[in-house]
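# pasted the sequence and its predicted model underneath.
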Amino acid sequence: MNERAHIDVFIDGLSRYFNYLATELEEPNSSLEIGAPYLLSTSQPMGLDFTGMISVSGNNLGYIFVSANSALLKRILLSYGEVDLSDMPKKDLIGEIANTLAGNARRRLGADFHISTPRVFDGGLEPSKYQLTSRCYVLPFRWKSSKAELIISIRER
Amino acid sequence: MIVDDSLIIRNKISRSLLVKFSKVSRAENGEQALKMVRAEKPDVVTMDLTMPKVGGVEAIKKMMEIEPTIHILVVSALADKATAIKALTYGANGFLCKPFTDVELNEAIEQILKIKLSS
């Protein structure tokens, strides 16, 4: 599977996730805006306020990161009916979103696309601390004008 | 009983289950769930698969040994058919893929309850 196909798998996953949120909120559309993917600059910190990371093994190797600003996570928590909008549920949520997107990718990438439980970080991450692939893509997106990004660093084994 | 490592998901499922059940217990992983299931003997378990300590598939296998009549709905992001088949083979009664709506969850729980009543 080439890089473009990998990106398409995760675009499908993102669309699916936010379509479900729209259904729950009884809204006519998902309000999701997906930007053009670009290559990550490894010389700068990556990620936004909170990041969920999934390690990938099996038929692919690498990482999936989902990062979002605090406002986006607060909006999703509210849509879930949560009343606690502190950092703890935001971290839980970003980990769950990362798990959902990576797990859903197995629909196309197969059961040998093994994923870890999520690790969650706050603040930007230093790319040099991770064994990122040479071509690591950032897929920026917005939901209800709040910013997030999906970082895809996987290669076929 | 809800078994999921995400607090948000435990809360979401709990809100739906409390409409149908008088008591809903929660576990953060398979290990905790196995300890609880012996004491609580729940009617229905919703089980995540990707969890720390004891994962969902192993928990289903062990749970079926402890309580063979237990009814389990897998609620997981792992969207491939092989995983769903594996979970069902080990004893789960249904599979719901994340993300899910409250309507889908309620339908899946209703289905599990029908299976339970007919068994």
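Cool, got the structure. Numbers count the residues shown, from 1 in each chain, chains lettered A, B, ... in the order given.

# element containing residue A:78?
Using DSSP states H and E, residue A:78 falls within helix A:70-79.

# residues touching that helix, excluding its own?
A:21, A:24-25, A:49-50, A:84-85, A:89-90, A:93-94, A:97, A:143-144, A:146-148, B:8 (CB atoms under 8 Å, 6 or more residues apart in numbering or on different chains). In this view, the C-beta of every residue, glycine as well, is placed from N, C-alpha and C.

# you'd agree residue A:154 is in a strand?
Yes. Counting by DSSP: H, G, I helix; E, B strand; the rest coil, residue A:154 is part of a strand.

# do I have it right that it meets residue A:62?
Yes. The pair residue A:154 / residue A:62 is scored as a contact, 3.6 Å apart, by CB atoms under 8 Å.

# the two: who's more crowded?
Comparing residue A:154 with residue A:62 by other CB atoms under 10 Å in any protein chain shown, the one with more neighbours is residue A:154, at 26 against 20.

# name the residues contacting each of residue A:154 and residue A:62.
Common neighbours of residue A:154 and residue A:62 (CB under 8 Å, 6+ apart) are A:56, A:133.

# re the thing from before, what's downstream of the helix holding residue A:78, the next helix or strand?
helix A:87-104.

# just the buried residues from the contacts of helix A:70-79, in PyMOL please.
Those of the contacts of helix A:70-79 that count as buried under 16 or more other CB atoms under 10 Å in any protein chain shown are selected in PyMOL with:
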select buried, (chain A and resi 21+24+49+50+89+90+93+94+97+143+144+146+147+148) or (chain B and resi 8)
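
# need the residues of chain B near chain A, please.
Contact residues, chain B versus chain A (CB under 8 Å from any CB of the partner chain): B:5-9, B:11-12, B:15, B:50-52, B:76-80, B:82-83, B:97-102.

# tell me which of those fall in strands.
B:76, B:97 (DSSP state E).

# which of the residues of chain B next to chain A fall in helices?
Here DSSP state H is the test, and the residues of chain B next to chain A give B:7, B:8, B:9, B:11, B:12, B:15, B:82, B:83, B:102 as lying in helices.

# which of those are buried?
Using 16+ other CB under 10 Å, the buried members of those are B:7, B:8, B:9, B:11, B:12, B:83.

# mind putting those residues into JSON lines with distance to residue B:40 and pLDDT?
Listed next are these as JSON lines, based on distance: CB to CB, whole Å; pLDDT from 0 to 100:
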{"residue": "B:7", "distance to residue B:40": "20", "pLDDT": "97"}
{"residue": "B:8", "distance to residue B:40": "23", "pLDDT": "97"}
{"residue": "B:9", "distance to residue B:40": "20", "pLDDT": "98"}
{"residue": "B:11", "distance to residue B:40": "19", "pLDDT": "97"}
{"residue": "B:12", "distance to residue B:40": "21", "pLDDT": "96"}
{"residue": "B:83", "distance to residue B:40": "27", "pLDDT": "93"}
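
# and the residue most central in space within chain B, what element?
For chain B, the residue nearest the mean C-alpha position is residue B:46 (1.7 Å; CA atoms, centre = their mean). Element membership of residue B:46 [criterion: DSSP H and E] is strand B:44-47.

# how far off centre is that strand?
Taking CA atoms, centre = their mean, to the nearest Å, the mean C-alpha location of strand B:44-47 is offset from the chain mean by 2 Å.

# got it, and stretch A:9-16?
For stretch A:9-16, the distance to the chain centre is 10 Å (CA atoms, centre = their mean).

# mind listing what's buried in that stretch?
By 16+ other CB under 10 Å, the buried positions in stretch A:9-16 come out as A:9, A:10, A:11, A:13, A:14, A:16.

# spit out the contact partners of the fourth one.
Remark: with contacts taken as CB under 8 Å, 6+ apart, residue A:13 is in contact with A:100, A:101, A:104, A:105.

# can you tell me how far the third one sits from residue A:115?
When CB to CB, to the nearest Å is the yardstick, residue A:104 and residue A:115 sit 10 Å from each other.

# residue A:81 reaches residue B:15, doesn't it?
Yes. Under the criterion of CB under 8 Å, residue A:81 makes contact with residue B:15 at 6.5 Å.
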